[in-house]
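Participant: below is the sequence, then the predicted model.
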Amino acid sequence: MNSVTQDWDAVKIGSKGKAPRVAKNSGDINEARRAGAVLSTDKKVTSGVNKAHVGTDHQRIAKLDRENEVAPPPKIAPSVGKAIQQGRMDKGLTQKDVAQKINEKPSVLQDYEGGKAIPNPQILGKLERVLGVKLRGTDIGKKLEGPKKS
């Protein structure tokens with residue numbers, strides 16, 4: 001009779017090997033040592049410290065940024081805002097009316113009158129035509145004259 005022998009290894013189905021776990025306290029570490037497990041201990045370098053503010057490098061870089069900072073763009077002069085407001089009132093128009101005539105939002109006109117806007121030559125040109133008041137260069141607030149005839 002012929003005997004058949006198998007040389008396969010036993011296979012476990014449904015059980016996973018133990019995944020490494022992080023021990024949080026000394027009791028877990030002692031338990032692992034008693035069981036004969038391989039231990040690796042690493043000390044955290046930055047424990048209890050805000051990682052974004054380690055060292056003085058960040059402070060030095062921030063100081064450099066402040067020194068090299070670009071100045072914000074200049075705002076419109078208060079005299080221009082007053083000239084816009086005066087020209088609008090002379091014509092008996094509201095901010096909304098003027099804004100519609102120059103195809104801008106009323107908030108843009110409010111910024112110009114309040115001196116909070118960054119000057120835009122196109123908008124200033126539209127305002128000059130609608131209000132008939134000079135808003136650029138010298139003589140700001142002076143009435144515009146018609147086209148020069150020679």
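Facilitator: Ah, there it is.

Participant: any regions of the protein where pLDDT drops low?
Facilitator: When the per-residue scores of the chain are filtered using pLDDT under 70, the ranges that remain are 1-4, 11, 15-20, 41-56, 69, 146-150.

Participant: tell me where it has helices.
Facilitator: Counting by DSSP state H, the chain has helices at residues 26-35, 57-67, 78-91, 95-101, 106-114, 121-131.

Participant: which one of the ones you listed lies nearest to residue 14?
Facilitator: For the helices of the chain, proximity to residue 14 was assessed by Cβ to Cβ; helix 26-35 is nearest, at 22.8 Å. In this view, the C-beta of every residue, glycine as well, is placed from N, C-alpha and C.

Participant: for the helices of the chain, could you give me a markdown table that also reports distance to residue 12 and mean neighbour count?
Facilitator: Compiled in a markdown table, those are given as follows (distance: least, Cβ to Cβ, whole Å; neighbours: other Cβ atoms under 10 Å):
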| stretch | distance to residue 12 | mean neighbour count |
| --- | --- | --- |
| helix 26-35 | 20 | 10 |
| helix 57-67 | 53 | 10 |
| helix 78-91 | 84 | 17 |
| helix 95-101 | 79 | 16 |
| helix 106-114 | 73 | 18 |
| helix 121-131 | 79 | 17 |
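
Participant: which other residues reach stretch 128-136?
Facilitator: If you take Cβ atoms under 8 Å, 6 or more residues apart in numbering as the criterion, stretch 128-136 is touched by 80, 83-84, 86-88, 90-91, 98, 101-102, 121, 124-125, 127, 140-144.

Participant: out of the helices of the chain, which is closest to residue 7?
Facilitator: Between residue 7 and these, the tightest spacing by Cβ to Cβ is seen for helix 26-35, at 32.2 Å.

Participant: tell me how far that closest one lies from the chain's centre.
Facilitator: The offset between the C-alpha centroid of helix 26-35 and the centroid of the whole chain comes to 49 Å, using Cα atoms, centre = their mean, to the nearest Å.
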